[in-house]
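# Structural data only, the sequence is not supplied:
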DNA sequence: TTGTAAGCGTTATCAT
DNA sequence: ATGATAACGCTTACAA
């Protein structure tokens, strides 16, 4: 009575009996171990599929000391709220899931909300995962760094920090900020705002690019137009309202995310300022909505697919005991309606 | 030399030696077993925190036959593409993560892309998780149903299907479709389009509500204004373009997602039709962008937080061998600018 | 090329 | 109230 997918789970011992061999032979056959005769191997593998036998991953893990699982951690204590609502997360999560699955790894997902110390090492010490991927190092830099120095296999999506002990994969944020600001400046805009919480490493690097773009052109930027707004649309709205009212000559906006940009366009509209005629707006991420807002959003596209691949690939290198290098990926300016020249 | 978070992992045997008791005592003390003297319990627990000892979950799982893990599966074979890009997913994922963590469960995340049969039972048979939560039963209904009949602990986010053997948690989609259409009809709109792939159970139920709203008022709905568009903005765009051009008298749109609605507003705008003056638009989900688009989106809000809680709670009931009932949650109409009366 | 046997770190069943 | 001891289902030296 093969298959059926029901009934008590078969064990390797059962398979051994069924095949008339020893457990070790089954184990090796299923692992494609070359020392097992090709014929035997094929027979046992056929038998397993026929009976729907699958190796118990828990037992395997206990013995082999490998979980074949990657922990994906999203530190959220920076802004308490659902920062996770940003579509950026589902995007990278989807790609991570693909990349992990392609390599036969499972993906354990957790949010970390308390700013308590040791969650990185815990994810590993706790032996549920072979490596940890942190999405958005944000304020967690210290924690990650300490864990990495102690030998924990951690990689993070985020900004490359000088002297950091852990591997990062992320976009060239300076380039992004620079491209965005340059685009607006080259279109004759002169009074640019920067919206985004510079307490986050990645954002502060985007801001550096924003500044660099001005400096290269010998132009000044206005500190009163720099707002450390959060990612939540609600907050973004509150933070930017006074700006719009107080800065009549504002003619361009570099936002740290598409969501902030979209929110800003709305706020501007309510104040009677048109996008792009009066104010040009550039977002960040090129999330799926960006192309379909009104007006469509000019934005900086990050290659999240490649990023996810790189994260997983590096995690596996660390697991294998090899070394891995950080990666900073170029970004691309996508010009759409929100920044069109008047 | 306690703590330190480094060095070789402590085992229960180590703790036993350290505490001068047997392994069983440590095990029981850590499990707060009442048969262990309160004093001993406290001492051992203190020791564990001091030395940073944590029970090896793999060994525990092997022995106890429980993984304390929930598998969250997202079947994606319906539309091949990144359906996952919809912010709805990150929303529910975030809430699921919270709900699982609150109960001491880990969350294993996987996308299922191939439409091969047995992925539900595999997630369990494979013994990586104690239960499976499926997000969006979509075309997977059959598969889930079969698995559930065989006793697999599965719960799904989605539409309640008559005669289904598995537990579902979802919104009252008929009510949603009805609310959306009624809102537009009551504001004098008469030629409504419905946009959404009715091949998906949830969407077809929303459509039923759309129809009911018309019927209750003795109004006819126009089949040529019903478009089975997909969730991807790109496709939504292509699918709806001809509609806009071909139906000059169209004055209302009920969309199956906020993303589709936003995309539609853009398409309308390009064709010279204003929202809400010429055409009123209602979305679905109340994703974070909805409140901040231009114009802000009238939409149907689902209580995703409660939904996630209910899913996890039911999954745990099934794990415990108890029975669980399906849940259909009311939705709420959120009126914003995109449907304002002319 | 295959088999034997010793663990991996817990929990659960008996005893005491 | 605590301790021995036997599993749980695999992998991997070491033998044959």
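Received the coordinates, thanks. Given the structure is predicted, the values throughout are model-derived calculations rather than measurements.
# where do the helices sit along the stretch 1-150 of chain A?
Counting by DSSP state H, counting those that start in this stretch, one finds helices in the stretch 1-150 of chain A at the ranges A:12-19, A:23-30, A:38-51, A:57-64, A:87-102, A:119-125, A:141-149.
# what sits up against the fourth one?
Yep, that's helix A:57-64 we're talking about. A:67, A:68, B:56, B:58, B:59, B:61, B:62, B:67, B:126, B:127, B:128 (C-beta atoms under 8 Å, 6 or more residues apart in numbering or on different chains). Every residue, glycine included, has its C-beta placed from N, CA and C.
# tilt between that helix and helix A:12-19?
Relative orientation of helix A:57-64 with respect to helix A:12-19: 100 degrees, computed using axes from the mean of the first three to the mean of the last three C-alpha atoms, to 10 degrees.
# Would you mind listing the buried residues in helix A:57-64?
A:57, A:58, A:59, A:60, A:61, A:62 (16 or more other C-beta atoms under 10 Å in any protein chain shown).
# Kindly report the same for the second one.
By 16+ other C-beta under 10 Å, the buried positions in helix A:23-30 come out as A:25, A:26, A:27, A:28, A:29, A:30.
# What is the nearest of those residues to residue A:180?
For the buried residues of helix A:23-30, the closest approach to residue A:180 (C-beta to C-beta) belongs to residue A:30, at 52.8 Å.
# wait, what's in contact with the closest one?
The neighbours of residue A:30, taking C-beta under 8 Å, 6+ apart as the test, are A:44, A:45, A:48, A:55.
# Just give me the closest of those residues to residue B:100.
Each of those was scored against residue B:100 by C-beta to C-beta, and residue A:55 proved nearest at 25.4 Å.
# from memory that closest one sits against residue A:9, does it?
No - contact status for residue A:55 versus residue A:9: not in contact, 10.8 Å apart, counting by C-beta atoms under 8 Å.
# which one of the two has more residues nearby?
Counting neighbours by other C-beta atoms under 10 Å in any protein chain shown for residue A:55 and for residue A:9 shows that residue A:55 has the greater number, 17 against 14.
# Residue A:300: what's it in contact with?
Residues in contact with residue A:300, defined by C-beta under 8 Å, 6+ apart, are A:171, A:176, A:179-180, A:282-286, A:331-334.
# circling back: pLDDT and distance to residue A:197 added to the contacts of residue A:30, as CSV?
Conversion of the contacts of residue A:30 to CSV gives the following (pLDDT from 0 to 100; distance: C-beta to C-beta, whole Å):
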residue, pLDDT, distance to residue A:197
A:44, 95, 57
A:45, 95, 54
A:48, 94, 53
A:55, 93, 46
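# Report the buried members of these.
A:44, A:48, A:55.
# filter those down to the ones close to DNA strand D.
residue A:55 (C-beta under 7 Å from any atom of the strand).
# Count residues in the vicinity of residue A:108, would you?
With other C-beta under 10 Å as criterion, residue A:108 counts 23.
# Not including adjacent chain positions, what is the nearest residue to residue A:192?
Distances taken as C-beta to C-beta, 6 or more residues apart in numbering or on different chains place residue A:252 nearest to residue A:192, at 4.1 Å, with adjacent residues excluded.
# what's the neighbour count on the one you found?
For residue A:252, which is what you asked about, the neighbour count (other C-beta under 10 Å) is 25.
# where's it relative to residue A:184, distance?
4 Å (C-beta to C-beta, to the nearest Å).
# Check residue A:314 too.
Residue A:314 is 35 Å from residue A:184, by C-beta to C-beta.
# interface residues of chain A facing DNA strand D?
A:9, A:11-13, A:23-24, A:27-28, A:30-31, A:55-56, A:59-60, A:62-64.
# mean pLDDT for the helices of the stretch 1-150 of chain A: which is lowest?
If you rank those by mean pLDDT, helix A:119-125 sits at the bottom with a mean of 64.
# from the buried residues of helix A:23-30, which is closest to residue B:193?
Of all those, residue B:193 sits closest to residue A:30, with 54.7 Å by C-beta to C-beta.
# Before we move on, what's the pLDDT of residue A:159?
According to the prediction, residue A:159 has pLDDT 88.
# which residues touch it?
When the contact criterion is C-beta under 8 Å, 6+ apart, the partners of residue A:159 are A:137, A:168, A:170, A:173, A:201, A:202, A:204, A:205.
# out of the residues you listed, which are inside helices?
By the criterion of DSSP state H, membership of the contacts of residue A:159 in helices covers A:173, A:201, A:202, A:204, A:205.
# Return the item of those residues having minimum pLDDT.
pLDDT across those is at its lowest for residue A:201, which sits at 86.
# list the contacts for that one?
The contact partners of residue A:201, taken as C-beta under 8 Å, 6+ apart, are A:137, A:138, A:141, A:158, A:159, A:161.
# out of those, what pair is the most spread apart?
Using C-beta to C-beta, the two most remote members of these are A:138 and A:161, lying 11.6 Å apart.
# What part of chain A, helix or strand, is modelled with the least confidence?
Ranked by mean pLDDT, DSSP states H and E, the helix or strand of chain A with the weakest confidence is helix A:119-125, at a mean of 64.
# For the contacts of residue A:159, which two are the farthest from each other?
Taking C-beta to C-beta, no two of the contacts of residue A:159 sit farther apart than A:168 and A:204, at 14.6 Å.
# These two: which is more packed in?
More crowded of residue A:168 and residue A:204, by other C-beta under 10 Å: residue A:168, with 26 against 18.
# dump the residue contacts of that one.
A:137, A:155, A:156, A:157, A:158, A:159, A:160, A:161, A:326, A:327, A:328 are the contacts of residue A:168 under C-beta under 8 Å, 6+ apart.
# If we use 7 Å, what do you get?
The neighbourhood of residue A:168, defined by C-beta atoms under 7 Å, 6 or more residues apart in numbering or on different chains, consists of A:137, A:156, A:158, A:159, A:160, A:326.
# So for the spatially closest residue to the last one that is not a sequence neighbour, what's the pLDDT?
Which is residue A:326. Across the structure, with C-beta to C-beta, 6+ apart as the measure, the residue nearest residue A:326 apart from its sequence neighbours is residue A:168 (4.7 Å). Taken from the predicted model, the pLDDT recorded for residue A:168 is 95.
# Many thanks, I have nothing further to ask.
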